[in-house]
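A.B. asks: Need coordinates for the following:
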Amino acid sequence: IEACAGKSIEIVYLRGNTERKASLTPVFSKNENCYKAGVYLKDNGAGLGTVTYIVPNSLEFGGLGHGICESDGGKLVPISRGAVVNVGIDGVEKGKSGTPGELRGHFKSGKSGSLLQNTDCGVFGVLATLPEGLPCEPLSLGLRDEVKEGRAYIWSTLEGNVPRRYEIEISNIDRSAAAGKCFSVKVTDKALIDASGGIVQGMSGSPIIQNGKLIGAVTHVMINDPTAGYGIFIENMLSAANASVQ
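C.D. replies: Residues are numbered from 1 along each chain as shown. Purely as a prediction, here's the structure:
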C-alpha cells in the first residue's frame with residue numbers, strides 16, 4: 001500500500017467463507033509521509049489464560065477449554081500462528097453477581113512457545129521448554145465415562161505465580177456434550193471464594209482432577225454466581241487438538 005504511488009490496488013479478502021475482491025485507492029498521509037489505506041485492521045490480540053495440560057515428551061499443550069472469539073460478534077478468531085509468553089500474576093479482581101472478576105497480570109519478555117490452533121474446545125500449541133514449578137507429577141486421563149458427580153479439585157494461580165489446589169463439586173454431567181459445557185462446576189473451597197469470589201476470567205483452562213486423574217478443565221463462569229461455572233471433558237480438548245486419547 002505504501003508503495004502504490006497513488007494508484008489503485010486490488011484487495012483480496014474473506015467474508016465468512018467467501019473470497020471477495022475490491023479495488024482500493026490509498027491516500028497520501030502528510031503526517032506519516034506515505035500512502036495509507038484509511039482502514040483499521042485488527043491483526044493482533046493478547047490475553048491471559050491457563051494451561052490445562054502439557055505432554056512432557058513432545059511439549060504439546062492445551063489450554064482455556066474454549067476458543068478465543070471476537071468481542072463484538074462472538075465468532076471464533078481464525079489464526080495461523082501466535083506467540084506464547086509467560087505471565088506474572090499481580091492480583092485478582094473479585095467476581096460478584098452480575099460482574100465477573102478477572103486475574104490481573106503482566107506479560108513477561110521473551111517467547112516461551114507457539115500457539116498453533118484456536119478451536120471451540122481450547123487453544124493448542126507447543127512450548128519451547130517444560131515450565132518450572134509444575135504442581136504435580138504426570139497424571140493419567142479420566143475419560144468421560146469415569147467422571148462422577150461429587151468432589152474434585154482444580155489447579156489455578158491467583159498470586160505469587162504459584163499454582164494452588166482448590167476444591168470443587170461436579171454435577172449435571174452431559175456425557176454427550178461435544179464442546180465446552182460438559183458438566184457444572186461449583187467452587188466449595190473457602191480460600192478460593194475469599195480470594196476471588198470463585199471463578200474469574202483468566203482461570204479458564206484450570207485443570208480439573210478427580211480420583212487422581214485429569215478429567216477436564218474449567219471453561220466458563222456463571223455471570224449471576226461466580227462460584228458456579230462449567231467444565232469440559234479432557235477428551236473433547238484432545239480430540240480438538242487432533243491428539244489420540246492414551
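
A.B. asks: hey, let's count contacts and neighbours off CA atoms from now on
C.D. replies: Will do.

A.B. asks: give me the element Ile208 is part of.
C.D. replies: strand 207-210 (DSSP states H and E).

A.B. asks: Output the contacting helices and strands for that strand.
C.D. replies: In this structure, strand 207-210 packs against strand 51-54, strand 150-156, strand 213-222, with contacts taken as 3 or more CA pairs under 8 Å, 6 or more residues apart in numbering; DSSP states H and E.

A.B. asks: List the strands paired with the helix or strand that comes right after the first one, with their directions.
C.D. replies: To tie it back to what came earlier, the one meant is strand 51-54. Going down the chain from strand 51-54, the next helix or strand is strand 60-63, by DSSP H and E. Strand 60-63 pairs in its sheet with strand 51-54 (antiparallel), strand 122-127 (antiparallel), by DSSP bridges.

A.B. asks: residues in contact with the helix or strand following strand 60-63?
C.D. replies: Where DSSP H and E defines the elements, the next helix or strand beyond strand 60-63 is strand 82-84. Residues outside strand 82-84 that contact it (CA atoms under 8 Å, 6 or more residues apart in numbering) are Lys111, Ser112, Gly113, Ser114, Leu115, Leu116, Leu127.

A.B. asks: Could you list the residues in contact with the one helix or strand the fourth one maps to?
C.D. replies: When secondary structure is defined by DSSP H and E, Ser114 falls within strand 113-119. Outside strand 113-119, the residues within contact range by CA under 8 Å, 6+ apart are 66-68, 76-85, 123-129, 240-241.

A.B. asks: Distance-wise, check the residue nearest to Val218 when sequence neighbours are not counted relative to Arg81.
C.D. replies: Take Val218 and drop its neighbours on the chain: the residue closest to it by CA to CA, 6 or more residues apart in numbering is Gly231, 4.4 Å away. With distances taken as CA to CA, to the nearest Å, Gly231 is found 26 Å from Arg81.

A.B. asks: Those two: who's more crowded?
C.D. replies: In this view Gly231 and Arg81 are compared by other CA atoms under 10 Å, and Gly231 has more residues nearby, 28 against 12.

A.B. asks: now the more buried one, which residues is it bridged with?
C.D. replies: Phe183, Val218.

A.B. asks: ok, it touching Thr219?
C.D. replies: Yes - applying CA atoms under 8 Å, one finds Gly231 in contact with Thr219, separated by 5.2 Å.
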